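In: Show me the folded form of this:
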Amino acid sequence: MNRAVFLDRDGTLNADSRDYIKNLDEFWLFPFTIEALKILSRCGFRLVIITNQACIAKGLTTVEKVQKIHDFITAEFRINGIILDGIFYCPHHPDAGCGCRKPKITNVLKAAKMNDIDLSKSWFIGDSKRDVETGKNAGCHTILVKTGLRETIDAGNWNPAPEYIMENLLAAARLIEQMKKENLK
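Out: Presented below is the predicted three-dimensional model:
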């Protein structure tokens, strides 16, 4: 079975916005994202994005505009030698009660099945409590990054708490790389 790093999108791979990322003009990758993903790829991890995009249900954007962002991400990664093994997103309203909205794990399970992923040997990296909960609910190791919009100062007291709190995705990737070298996880 394969190992994967499941990645939140907004606030983890790219800058987030309190008003949502609604189109490609509002989207920009953090300058360290490509380097971080190259490290994770070299370590043999599958890379999968798991994201909530309630802006669709709220009428702030369209499926087509979100798909343009995802097409850009996939192309940008490919240009840089990074293979993305899927982008799974929830387009539903937070009150819809669907199984695909984080912290529920329907999208993680879909990705795991499609890519033959062992969740117990995989990681979930994100910038929110919801991401940590998703990783824990799926049986993954978790890393919280501080690059999102939410306050993370008391994250060590969350239940569940992230296993690690890192400054950004690059620091998280370097941690995973070091742990892999030391055969710790």
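
In: where do the strands sit along this protein?
Out: Secondary structure of the chain by DSSP state E: the strands cover 4-7, 46-52, 87-90, 123-126, 141-145, 164-166.

In: Name the strands paired with the first one and say parallel or antiparallel.
Out: For strand 4-7, the pairing partners within the sheet under DSSP bridges are strand 46-52 (parallel), strand 123-126 (parallel).

In: For the closest residue to residue 33 other than its chain neighbours, give me its contacts.
Out: Once flanking residues are discounted, residue 33 sits nearest to residue 13: 5.1 Å by C-beta to C-beta, 6 or more residues apart in numbering. C-beta: built from backbone N, CA, C; applies to glycine. Residue 13 makes contacts with 7, 29-30, 33, 49, 73, 169, as judged by C-beta atoms under 8 Å, 6 or more residues apart in numbering.

In: can you list the strands of the chain in TSV and add distance to residue 100 and mean pLDDT?
Out: Listed next are these as TSV, based on distance: least, C-beta to C-beta, whole Å; pLDDT from 0 to 100:
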stretch	distance to residue 100	mean pLDDT
strand 4-7	14	98
strand 46-52	9	98
strand 87-90	4	98
strand 123-126	15	98
strand 141-145	19	97
strand 164-166	26	96
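
In: Minimum distance to residue 40: which of the ones you listed has it?
Out: Residue 40 lies closest to strand 4-7 among these, at 5.1 Å (C-beta to C-beta).

In: So what touches the closest one?
Out: Contacts for strand 4-7 (C-beta under 8 Å, 6+ apart): 13, 40, 45-50, 85, 108, 111-112, 115, 117, 122-126, 134-135, 138, 140, 169, 176.

In: which residues in this structure form helices?
Out: Ranges of helices in the chain, per DSSP state H, are 33-42, 63-79, 106-115, 129-138, 169-181.

In: Most tightly packed of these?
Out: Among the helices of the chain, ranked by average contacts under mean count of other C-beta atoms under 10 Å, first place goes to helix 129-138 (a mean of 23).

In: That one versus helix 106-115: what angle between them?
Out: Helix 129-138 runs at 50 degrees relative to helix 106-115, counting by axes from the mean of the first three to the mean of the last three C-alpha atoms, to 10 degrees.

In: Looking at helix 129-138 now, give me its mean pLDDT.
Out: For helix 129-138, the mean per-residue pLDDT is 97.

In: got it, and stretch 57-74?
Out: What stretch 57-74 shows for mean pLDDT is 98.

In: Output it as PDB, restricted to C-alpha atoms.
Out: What follows is stretch 57-74 as a C-alpha-only set of coordinates in PDB (Å, rounded to 0.1, in the frame of the first residue of the first chain):
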ATOM      1  CA  ALA A  57     -23.100  26.500  -2.300                       C
ATOM      2  CA  LYS A  58     -23.100  30.100  -1.000                       C
ATOM      3  CA  GLY A  59     -23.300  31.300  -4.600                       C
ATOM      4  CA  LEU A  60     -20.000  33.200  -4.400                       C
ATOM      5  CA  THR A  61     -18.400  31.200  -7.200                       C
ATOM      6  CA  THR A  62     -19.100  28.400  -9.600                       C
ATOM      7  CA  VAL A  63     -17.900  24.800 -10.000                       C
ATOM      8  CA  GLU A  64     -16.200  26.000 -13.300                       C
ATOM      9  CA  LYS A  65     -14.200  28.700 -11.500                       C
ATOM     10  CA  VAL A  66     -13.100  26.300  -8.800                       C
ATOM     11  CA  GLN A  67     -12.100  23.800 -11.500                       C
ATOM     12  CA  LYS A  68     -10.000  26.500 -13.200                       C
ATOM     13  CA  ILE A  69      -8.100  26.900  -9.900                       C
ATOM     14  CA  HIS A  70      -7.600  23.200  -9.700                       C
ATOM     15  CA  ASP A  71      -6.500  22.900 -13.300                       C
ATOM     16  CA  PHE A  72      -4.000  25.700 -12.600                       C
ATOM     17  CA  ILE A  73      -2.700  23.900  -9.500                       C
ATOM     18  CA  THR A  74      -2.300  20.600 -11.300                       C
END
